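Visitor: I would like the atomic coordinates for the input below:
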Amino acid sequence: MARKSWFRYFQYDERKETPAEARNVLLIVAGLIAAVTFQAGVNPPGGVWQDTKEGPDGHSAGRAIYSYKTREFYIFLISNTLAFSTSIHLLVSLTHRFPFHFEVILATASMVVTYASSIFAVTPDDLVKFRYILLAAAVPFAIRFMLQVYTRLTRMLESHMYDPANSAQRSAQSPEPPYERQIVVPANPNEETA
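Guide: Numbering: from 1, shown residues only. Next up is the predicted model:
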């Protein structure tokens, strides 16, 4: 008897699970990701400086210790912000038309503002360009928007192309395009055509 791998055993199977069950699992996963990434943004790795030190190797109290490794801190901030905004987008999308949806949106928006203000508070102004962080936060929403536009345009074009009424209308309005006309080529190029 062949054994199923644990990976295949736990995979989503649309014959067994309902969309409601899948939505519930996605809500839990998105909530956990939002909580973890929010906490990482509010309390960055390494913590914050407790004192202020003047000089070339100086630092300010309340600033992230990790932020003085600029490249690594950029990678952390952009990745964390991307994960946070993706989970927020997923939470908002999955709770669409739920009861108390307005309250969910309000709480989520407040959490996003808190996350952003925390990032701005612990990050030294001269080390991080916030446009990269804002761009990372917008990526999931922009991708979903582009996918929605693409899907709607594709559906519109398919329905227009395959609609018999539209194709009959098009053929009645315009003659056959030149690229669809048949060209007869003689079998022997030396023969003359009549």
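Visitor: count of residues packed around the spatially closest residue to residue 37 that is not a sequence neighbour?
Guide: Computed as C-beta to C-beta, 6 or more residues apart in numbering, the closest residue to residue 37 that is not its neighbour in sequence is residue 84, at 3.9 Å. Any C-beta I mention is one placed from the backbone N, CA and C, and that applies to glycine too. Close neighbours of residue 84, defined as other C-beta atoms under 10 Å, add up to 26.
Visitor: can you dump the C-alpha coordinates of stretch 141-161 into CSV?
Guide: Extracted in CSV, the C-alpha atoms of stretch 141-161 (Å, rounded to 0.1, in the frame of the first residue of the first chain):
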residue,chain,number,x,y,z
PHE,A,141,-3.1,46.4,-3.3
ALA,A,142,-1.7,47.3,-6.7
ILE,A,143,-1.2,43.7,-7.7
ARG,A,144,-4.8,42.9,-6.8
PHE,A,145,-6.1,46.0,-8.7
MET,A,146,-4.1,45.0,-11.8
LEU,A,147,-5.4,41.4,-11.6
GLN,A,148,-9.0,42.7,-11.3
VAL,A,149,-8.6,45.0,-14.3
TYR,A,150,-7.0,42.2,-16.3
THR,A,151,-9.7,39.7,-15.4
ARG,A,152,-12.5,42.2,-16.3
LEU,A,153,-10.9,43.2,-19.6
THR,A,154,-10.3,39.5,-20.5
ARG,A,155,-14.0,38.6,-19.7
MET,A,156,-15.2,41.6,-21.7
LEU,A,157,-13.1,40.8,-24.7
GLU,A,158,-14.1,37.1,-24.6
SER,A,159,-17.8,37.9,-24.3
HIS,A,160,-17.5,40.4,-27.1
MET,A,161,-15.5,38.0,-29.4
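Visitor: Break down the chain into its helices, ranges please.
Guide: Applying DSSP state H to the chain gives helices spanning 6-10, 19-42, 70-94, 101-122, 130-162, 164-173.
Visitor: Please enumerate residues in contact with stretch 92-110?
Guide: Stretch 92-110 has contacts (C-beta atoms under 8 Å, 6 or more residues apart in numbering) with 23, 26, 27, 30, 88, 91, 144.
Visitor: What's the PyMOL line that selects buried ones from those?
Guide: Here is the PyMOL command that selects the buried residues among the contacts of stretch 92-110 (16 or more other C-beta atoms under 10 Å):
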select buried, resi 30+88+91
